[in-house]
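Q: pasted the sequence and its predicted model underneath.
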Amino acid sequence: MSAHADAAPAGTAAPESFEWRVFRQTAPPRLTVSAVVGLGLGLALVQIALHGWDFAGVVPLALLSACGPLIALVDARERRIPDLLSLPLAGASALALAVHATVLGDWATGGRALLGMVVLTAVFFVLAIVSRGDFGLGDVKLGATLGACLGAFGWMEIVWGVFLGFVAALLWGLSTLLLQRLRGRRTRGAKTTLPMGPFLVGATIVLGLVLHS
């Protein structure tokens, strides 16, 4: 139960705000959340301006850019990706691709992006099983939208997006361990679980900004 609900008078149920349904733990300051959401909306507008509505992947890209910073914030703080964000994002991306391909007849791009959703979700699901929890189901659900965004550009773009995301996570993890050792903290035998969401989302958004439709 959230702090808002705890503060409600006895016998009344205080409605939970959106931020308290996204964050299970103590939510960051409202100013931080607002800044992150504003950054996402700005990135979404840039994606639309760069690619235009004729590109089948523009809606998934815009949606991921809008929600991605908030997803990254939650994952970085709580090591999870909320279904409240990942599932509607995947559903809206699939619907947008199907509508775009039907209306404009661009099934080459739209179909590849839809197939990319399925393929990347399946790959991430296998990784979740093999990693035994280090790669979570939240990442699997997020993989559907990542596959839609990158698949609209091509198959190699999917490979590059995942590769860059994992490399960024590896470099971050190594630098964190190095800093801990420099500060005299023991790292031998320690198990550190990295939140993959920020790195995968970041890599996909950056590729969306630099690739041409």
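A: Good, I have the coordinates. All figures in this text were calculated on a predicted structure; none of them were measured in a lab. Numbering: from 1, shown residues only.

Q: I figured residue 92 was touching residue 63, is that so?
A: Yes: in terms of CB atoms under 8 Å, residue 92 counts as a neighbour of residue 63; the distance is 5.8 Å. All C-beta spots, glycine's among them, are computed from the backbone N, C-alpha and C.

Q: flag every buried residue along the helix of greatest length in the chain.
A: Longest helix of the chain, by residue count under DSSP state H: helix 155-182. Residues of helix 155-182 classed as buried: 157, 158, 160, 161, 162, 164, 165, 166, 168, 169 (neighbour count, 16 or more other CB atoms under 10 Å).

Q: any idea of the mean pLDDT for it?
A: Average pLDDT, helix 155-182: 92.

Q: how about stretch 193-200?
A: 90.

Q: now do the same end-to-end measure for it.
A: End-to-end distance of stretch 193-200: 15 Å, with CA to CA, to the nearest Å as the criterion.

Q: show the model's pLDDT score for residue 129.
A: 91.

Q: repeat for the one 5 residues further on
A: What the model reports as pLDDT for residue 134 is 76.

Q: and it, what does it touch?
A: residue 193 (CB atoms under 8 Å, 6 or more residues apart in numbering).

Q: that older thread, residue 92 and residue 63: who's more crowded?
A: residue 63 (22 against 16; other CB atoms under 10 Å).

Q: next one: the more buried one from residue 44, what distance?
A: 7 Å (CB to CB, to the nearest Å).

Q: about what we covered before: so which of the buried residues of helix 155-182 comes closest to residue 143?
A: Using CB to CB, residue 162 is the member of those that sits closest to residue 143, with 8.7 Å.

Q: my read: that closest one touches residue 200, true?
A: Yes: Residue 162 is within contact range of residue 200, at 7.1 Å (criterion: CB under 8 Å).

Q: now do the shared contacts for the two.
A: residue 146.

Q: contacting residues for residue 84?
A: 21, 22.

Q: tell me which element it falls in.
A: helix 83-104 (DSSP states H and E).

Q: and if you look at residue 116?
A: Short version, using DSSP H and E: residue 116 is in helix 107-131.

Q: now do residue 53
A: Short version, using DSSP H and E: residue 53 is in no helix or strand.

Q: count the residues that sit near it.
A: Neighbours of residue 53 (other CB under 10 Å): 11.

Q: do you know how far it is from residue 151?
A: Distance from residue 53 to residue 151, by CB to CB: 18 Å.

Q: can I get the helix holding residue 84 in CSV? Just the C-alpha atoms.
A: Taking Å, rounded to 0.1, in the frame of the first residue of the first chain, the C-alpha atoms of helix 83-104 are listed here in CSV:
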residue,chain,number,x,y,z
ASP,A,83,3.7,-4.2,-16.7
LEU,A,84,1.6,-0.9,-16.5
LEU,A,85,4.2,0.5,-19.0
SER,A,86,5.6,-2.5,-20.9
LEU,A,87,2.4,-4.3,-21.9
PRO,A,88,0.3,-1.3,-23.2
LEU,A,89,3.5,-0.2,-25.0
ALA,A,90,3.8,-3.5,-26.8
GLY,A,91,0.1,-3.7,-27.6
ALA,A,92,0.0,-0.2,-29.0
SER,A,93,3.1,-0.8,-31.1
ALA,A,94,1.7,-4.0,-32.6
LEU,A,95,-1.6,-2.2,-33.4
ALA,A,96,0.1,0.8,-34.9
LEU,A,97,2.3,-1.4,-37.1
ALA,A,98,-0.7,-3.4,-38.4
VAL,A,99,-2.8,-0.3,-39.1
HIS,A,100,0.1,1.4,-40.8
ALA,A,101,0.8,-1.6,-43.0
THR,A,102,-2.8,-2.0,-43.9
VAL,A,103,-3.5,1.7,-44.7
LEU,A,104,-0.3,2.4,-46.6
